[in-house]
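Engineer: The amino acid sequence is not available; the structure is as follows:
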């Protein structure tokens, strides 16, 4: 049974930093891309960042590029999202997801193309 468990959310002031973690279990994820998405109240779930588990290629939404960094620890089966220079508009529930994609890089960003999801962790950025 595949499980993705996020942690690390919380309340932070604007300009601050936080790191989210996503621990994956239940299968081998070497052929997967791991992504972070977020969903603010009343808005659709949106792509934030993703990483190809095997090679470590990364890509980001333009709204977070330069502020967020996605990385993975193969030994711990964990994906991280380091978030710096946080803004109030970053406030959302953040979800970890896994996507099996054998096509060209980068893979699709649509949430519907991801196969597994975590339960989400709340990030609130105060102004």
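Structural biologist: Here it is on my side, so go on. Here the structure is a predicted model, which is why all the values come from computation and not from measurement.
Engineer: Please make it C-alpha for all contacts and neighbour counts, starting now.
Structural biologist: Noted.
Engineer: separation between the closest residue to residue 84 other than its chain neighbours and residue 85?
Structural biologist: Nearest non-adjacent residue to residue 84, counting by C-alpha to C-alpha, 6 or more residues apart in numbering: residue 17, 4.4 Å away. Distance, residue 17 to residue 85, using C-alpha to C-alpha, to the nearest Å: 6 Å.
Engineer: Check residue 63 too.
Structural biologist: Counting by C-alpha to C-alpha - residue 63 and residue 85 are separated by 12 Å.
Engineer: Then residue 2?
Structural biologist: Taken as C-alpha to C-alpha, the span from residue 2 to residue 85 is 33 Å.
Engineer: Equivalent analysis for residue 4, please.
Structural biologist: 26 Å.
Engineer: and what of residue 66?
Structural biologist: 9 Å.
Engineer: Neighbour count: the two, which is higher?
Structural biologist: Between residue 66 and residue 85, counted using other C-alpha atoms under 10 Å, residue 85 has the larger neighbour count: 15 against 12.
Engineer: Now for the residue lying closest to that one once chain neighbours are set aside: which residues touch it?
Structural biologist: In space, and not counting its chain neighbours, residue 85 is closest to residue 15: 4.2 Å by C-alpha to C-alpha, 6+ apart. By C-alpha atoms under 8 Å, 6 or more residues apart in numbering, residue 15 lies in contact with 84-87.
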